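In: after the sequence you'll find the predicted model.
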Amino acid sequence: MKKLLATRIKLLPIFLFLLQGCAVITINPTPESDFSVMTWNIWHGGREDGEEVGPQRVIRVIKNSRADIIAMQETYGSGELISEALGFNFLPRGTNVSIMSRFPILEDISVYHEFKCVGAIIELPDKTPLAFYSIWLPFDGNIWGVGKREGKSKEELLAACASSASDLEEILTLAKAKLAESNYADAPIIIAGDFNSMSHFDYTEDAIDQYGYVIEWPTSKYITAAGFTDSYREVHPTVNREIGSTWSPRFPNVQQDRIDFIYYTNDSMKSVESVKYHRPLESHNLLNEPVAFPSDHAALVTRFLHE
């Protein structure tokens, strides 16, 4: 019996790996110089599959990822339940965006509209202050549905994401001004969230067979020109649409795209792992009914090294 138990324990990490279906199952616990960030739009508070069971599935995905800081979108009343289950500090703003952190939240540095942006100074384990923003950007037209891009020009596709770019520009301007006024002007910055727009690092000439277009998406162009690094693309320089797309694990027939991002700026940080979570941790419930991933967005988790 003891031998069998030991064997099962040894097989547990492999079993979890297969369930998750990711290149790396978890971002492992790290020393003081390491921390992990998740961005996740949990889809109507995670309650699409049930008022109680839905948020519990969200909690299990987050626990499994071992993320330290979470940029959440579509929090919609589930934030306190989720943060309490995690034992995390919680900073909501309005109904949509929120921040959850294993580490102390020192100050609210929110800017712009409460529905679209919340910011906090978070104290990392080595006492470094981190300026952290969770954002949600709008879009002007549905270009992800089945057949929605047929016959569309580049200009029409760009127009569908114009408001996400203008909102992001305003958020970055206000955030930098906010930090300049505070004692945290030199703090590293992470901006993470649901951008509802794609990346010019994906829609390249080398990947035209995957996307059908070469497009200079303005949101990614603007934020990288402002000195931010796309943490996922830094770790995964080769474009693979199937692996990288965060929209949508629940709707595989729609246009699949990478629209959730974790951007950072500071010479003292570097992203070393970046994985997405897009499959349920259990395939069936106790009634043998199939279980779906709890959100229409995949969760993205990046591990950072901080010098």
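Out: That came through fine. Residues are numbered from 1 along each chain as shown.
In: drop to CA atoms for contacts and neighbour counts, all remaining ones
Out: OK.
In: compute the first-to-last residue distance for stretch 205-223.
Out: Length of stretch 205-223, first residue to last, C-alpha to C-alpha, to the nearest Å: 21 Å.
In: pull out the buried positions in it.
Out: Residues of stretch 205-223 classed as buried by neighbour count (16 or more other C-alpha atoms under 10 Å): 207, 211, 214-220, 222-223.
In: what's the closest of the residues you listed to Asp257?
Out: Tyr211 (9.1 Å; C-alpha to C-alpha).
In: I'd say that closest one and Glu205 touch.
Out: No. The pair formed by Tyr211 and Glu205 falls short of the contact definition of C-alpha atoms under 8 Å, at 9.6 Å.
In: the most centrally placed residue in the chain: what secondary structure?
Out: Nearest to the centroid of the C-alpha atoms of the chain, with distances taken as C-alpha atoms, centre = their mean, sits Thr39, at 2.3 Å. The three-state label given to Thr39 by DSSP: H, G, I helix; E, B strand; the rest coil is strand.
In: okay, now the closest residue to it other than its chain neighbours: neighbour count?
Out: Sequence neighbours aside, Ala71 is the residue nearest to Thr39 in space, at 4.6 Å (criterion: C-alpha to C-alpha, 6 or more residues apart in numbering). If you count neighbours by other C-alpha atoms under 10 Å, Ala71 ends up with 29.
In: now the host helix or strand of Ala71: buried residues?
Out: Using DSSP states H and E, Ala71 maps to strand 69-73. Applying a neighbour-count criterion of 16+ other C-alpha under 10 Å, one finds 69-73 buried in strand 69-73.
In: for stretch 114-127, same thing?
Out: 114-124.
In: helices of this protein, start to end?
Out: Listed in chain order, the helices of the chain (DSSP state H) span residues 2-20, 53-65, 79-86, 154-160, 162-181, 208-211, 218-225, 231-235, 241-244.
In: nearest to Ala187, out of these?
Out: helix 162-181 (8.3 Å).
In: what comes up buried for the closest one?
Out: Using 16+ other C-alpha under 10 Å as the test for burial, helix 162-181 gives 162-165, 167-169, 171-172, 175, 178-179.
In: format those as TSV; extra columns: distance to Met269.
Out: As requested, the buried residues of helix 162-181 are exported to TSV (distance: C-alpha to C-alpha, whole Å):
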residue	distance to Met269
Ala162	30
Ser163	30
Ser164	26
Ala165	25
Asp167	26
Leu168	22
Glu169	23
Ile171	22
Leu172	19
Ala175	19
Lys178	21
Leu179	18
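In: widest-spaced pair of the residues you listed?
Out: Among those, Ala162 and Leu179 lie farthest apart (C-alpha to C-alpha), at 26.2 Å.
In: from the chain's centre, how far out is stretch 177-185? Work that out for me.
Out: 25 Å (C-alpha atoms, centre = their mean, to the nearest Å).
In: got the end-to-end distance for it?
Out: Using C-alpha to C-alpha, first and last residues of stretch 177-185 are 9 Å apart.
In: quick one: contacts of it?
Out: With contacts defined as C-alpha atoms under 8 Å, 6 or more residues apart in numbering, stretch 177-185 is touched by 109, 111, 129, 131, 176.
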